[in-house]
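Asker: Return a 3D structure for these sequence lines:
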Amino acid sequence: MNEEASIDKVIQEIPTDLVSDVLVCNNNSTDRTKEVATTAGAIVLDETRPGYGWACLKGMEYASQMTEKPDIIVFLDGDYSDYPAEMPKVVAPILEQDMDMVIGSRALGNRAKGSMTFPQRFGNWLATRLMRLFHGVRYTDLGPFRAIKYTSLMELGMKDKTYGWTIEMQIKAAKKKLKTCEVPVNYKKRIGHSKVSGTIKGAVSAGVKIIWTIFKYL
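Answerer: Numbers count the residues shown, from 1 in each chain. Have a look, this model is predicted:
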């Protein structure tokens with residue numbers, strides 16, 4: 001949503017020898033995100049209902065209707081905080097070790113100063129420990145940069161429409177006993193202002209939803 005200043009940079013740094021299609025899920029932007037992404041060569045999907053989960057579900061819907069289904073789907077943010085060039089490292093465990101899902105962990109990688117707010121760091125710490133306590137899985141991050149086999153993703157039956165999307169995926173993967181792992185990824189300050197961690201309301205809403213999701217799937 002409203003990432004016209006960054007989306008071109010993200011698309012241009014995605015490895016073209018690895019990726020067949022780049023889907024930009026345009027979540028009701030009011031700026032030129034759609035035009036910039038289209039010019040950069042992406043397939044732009046419009047989702048007017050606001051919410052991170054809604055945007056991801058739109059991408060999944062498109063993939064499910066493709067004649068030739070993808071082998072792997074990679075998720076990353078459009079704000080240029082992730083390093084798209086690290087995608088080979090994120091998908092490597094799937095290609096080489098037959099993992100089902102790989103989480104790019106910012107906690108294991110190098111984070112630029114100021115790239116994650118205190119609510120983000122604390123939220124990750126709390127959520128990963130609650131997942132370990134109640135679901136028996138060890139993660140260090142709820143990182144948005146992640147890769148998952150297409151068939152495995154579709155088996156999860158993803159439902160969350162907003163902030164609980166990433167943790168829902170990790171909990172459901174654990175309950176279905178998918179083979180998962182983490183790899184370190186680097187993280188930098190995003191371009192522009194965060195719609196979630198950049199406001200008190202957004203940070204609190206995200207925190208409440210994440211905690212609620214952990215207990216929902218007990």
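Asker: When you work out contacts or count neighbours from here on, use the C-alpha atoms and nothing else.
Answerer: Noted.
Asker: from memory Tyr83 sits against Asn186, does it?
Answerer: Yes: counting by CA atoms under 8 Å, Tyr83 does reach Asn186; the two are 6.7 Å apart.
Asker: As a check, name the ranges of all helices in this protein.
Answerer: Under the criterion DSSP state H, the chain contains helices at 7-12, 33-39, 52-64, 87-97, 118-135, 150-156, 165-175, 200-216.
Asker: how far away is the residue most central in space within the chain from Lys89?
Answerer: For the chain, the residue sitting closest to the mean C-alpha position, by CA atoms, centre = their mean, is Pro144 at 2.8 Å. As judged by CA to CA, to the nearest Å, Pro144 and Lys89 stand 15 Å apart.
Asker: Quick check: which ranges of this structure have low pLDDT?
Answerer: For the chain, the stretches flagged by pLDDT under 70 are 194-203.
Asker: let's see 90
Answerer: Along the chain, the model assigns pLDDT under 90 to residues 117-124, 163, 192-218.
Asker: Do I have it right that Ile167 meets Trp212?
Answerer: No: here Ile167 lies out of contact with Trp212, judged by CA under 8 Å, at a distance of 10.4 Å.
Asker: Counting neighbours around each, name which of those two comes out higher.
Answerer: Set side by side, Ile167 and Trp212 show more neighbours around Ile167, with 24 against 12, by other CA atoms under 10 Å.
Asker: dump the residue contacts of that one.
Answerer: Taking CA atoms under 8 Å, 6 or more residues apart in numbering, we find Ile167 in contact with 142, 210, 213-214.
Asker: If we ignore the residues flanking it in sequence, what's nearest Leu130?
Answerer: Of all residues not flanking Leu130 in the chain, Ile214 sits nearest, at 7.4 Å (CA to CA, 6 or more residues apart in numbering).
Asker: neighbours of that neighbour, just the number please.
Answerer: Here the number of neighbours of Ile214 (other CA under 10 Å) works out to 20.
Asker: now do Ala55
Answerer: Ala55: 23 surrounding residues under other CA under 10 Å.
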